[in-house]
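Participant: Output the structure for:
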Amino acid sequence: AALAETLGLARSLGLVNFFGWRHSEMTRIALVALEQGIQTDFVIRLVRERGLRPPQLPLAPDTWPWRLRICTLGRFALFRDGEPLTLGGKGQRKPISLLQTLLAYGGRTVSTEQLSEAVWPDADSDASRRAFDTTLHRLRRLLDVDGILTVENGRLSLAPHLAWVDAWALDAIVDDAAGWLRETDVQPPAEPLTALLGRIENLYRGAFLGDDSDEPWVLAHRERLQQRALRLLRDCGLTLERIGAWQEATACYSLAIEIEPLAEAFYQRLMTALHTQGCKAEALATYERCREAMISTLGVVPSPQTIALHRHILTSGSD
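Facilitator: Model prediction:
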């Protein structure tokens, strides 16, 4: 209530600065106000006019007014100040290709020479350098956010305090959760793990850049992100099993299969989790789903271990 009253007064006075202003404290105030929906428009104005920087991922909330949001998982989309940018226009192909290549290499401190070779593989060094400079200029005009792309010591970076990238957020969540799982007690509560699953599900909408590119550096980053997500889901699922949270483990393994429909080990864990809960029919249906996916995609049947698990469930009594 005090915050709402104070920010309401500041808005009425047009107050965006005062004696003793401290960015760290105002960032904390802005975070609380945005999370609680207090004077949102005015707080966004404060953030942008005073250049308040968000906390590091994954702590930065979805409500933070990033100047640029970039979606790369399952699709490619750009949002500037919350509004979608229209892509596909004349002259945008190379700038977008440069941005996607930058993101595939991590998005920060990427060698401009490496980028030039990737985007213009058939050009000589002088021609590719000229093409890079021209394309970078066009990309900056397309994004239209001051300071969003910086070149320092021959390396290009996307400014992390101005841009949110779903792949960055996923990486940050995986790092944070992996550390928490290593350091937590023997029997952690299920609630944080359930919340973690929700965050991963919201972020991971599909493979990096979807099917837009089959360049080696894109494929490598796509595989890396997928495997990191799957390893975390495996660890979460096994932890949930250990504490007897079988329903939550079921959700964990189901999400892993959505990410990678050919991950046979997750079918095995899902079958076990369902059977443990007395859901025999669902466990058997999971086997059939696994079998159909492997035959239709790979032309092979499930492994002997999966077949043996199916036979065990099939011949067991129902609860």
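Participant: Show me the helices in this structure, by range?
Facilitator: 2-13, 23-36, 40-50, 93-104, 112-119, 125-143, 166-183, 190-203, 216-242, 246-259, 264-276, 280-298, 304-315 (DSSP state H).
Participant: Counting neighbours, which bits of the fourth one end up buried?
Facilitator: Of the residues in helix 93-104, those buried by neighbour count under the rule 16 or more other CB atoms under 10 Å are K94, P95, I96, S97, L98, L99, Q100, T101, L102, L103, A104. Glycine gets a C-beta too; all of them are placed from N, C-alpha and C.
Participant: so can I have CSV of the helices of the chain showing distance to P160 and mean pLDDT?
Facilitator: Supplementary listing: those in CSV, determined by distance: least, CB to CB, whole Å; pLDDT from 0 to 100:
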stretch, distance to P160, mean pLDDT
helix 2-13, 27, 92
helix 23-36, 15, 88
helix 40-50, 15, 89
helix 93-104, 12, 94
helix 112-119, 18, 93
helix 125-143, 14, 92
helix 166-183, 7, 85
helix 190-203, 17, 84
helix 216-242, 17, 92
helix 246-259, 25, 94
helix 264-276, 32, 96
helix 280-298, 37, 95
helix 304-315, 43, 94
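Participant: closest one to G74 among the ones you listed?
Facilitator: G74 sits nearest to helix 166-183 of all those, at 8.9 Å, using CB to CB.
Participant: hmm, back to that, with distance to F76 added, can I get the helices of the chain in CSV?
Facilitator: Rendered in CSV, the data for the helices of the chain read as follows (distance: least, CB to CB, whole Å):
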stretch, distance to F76
helix 2-13, 36
helix 23-36, 27
helix 40-50, 25
helix 93-104, 7
helix 112-119, 16
helix 125-143, 13
helix 166-183, 10
helix 190-203, 15
helix 216-242, 11
helix 246-259, 18
helix 264-276, 27
helix 280-298, 25
helix 304-315, 35
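Participant: and of the ones you listed, who's closest to L78?
Facilitator: Between L78 and these, the shortest gap by CB to CB is with helix 125-143, which sits at 7.3 Å.
Participant: That closest one vs helix 112-119, what angle?
Facilitator: On the basis of axes from the mean of the first three to the mean of the last three CA atoms, to 10 degrees, helix 125-143 is oriented at 90 degrees to helix 112-119.
Participant: Kindly export helix 125-143 (C-alpha atoms) in CSV.
Facilitator: C-alpha atoms of helix 125-143 as CSV (Å, rounded to 0.1, in the frame of the first residue of the first chain):
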residue,chain,number,x,y,z
SER,A,125,38.1,-11.9,-46.3
ASP,A,126,37.7,-8.3,-47.5
ALA,A,127,34.3,-8.8,-49.1
SER,A,128,33.0,-10.7,-46.1
ARG,A,129,34.2,-7.9,-43.8
ARG,A,130,32.4,-5.3,-45.9
ALA,A,131,29.3,-7.4,-46.0
PHE,A,132,29.4,-7.9,-42.2
ASP,A,133,29.7,-4.1,-41.6
THR,A,134,26.8,-3.4,-43.9
THR,A,135,24.6,-6.1,-42.6
LEU,A,136,25.3,-5.2,-38.9
HIS,A,137,24.2,-1.6,-39.7
ARG,A,138,21.0,-2.9,-41.3
LEU,A,139,20.4,-5.2,-38.3
ARG,A,140,20.8,-2.3,-35.8
ARG,A,141,18.3,-0.3,-37.9
LEU,A,142,15.9,-3.3,-37.9
LEU,A,143,16.1,-3.8,-34.1
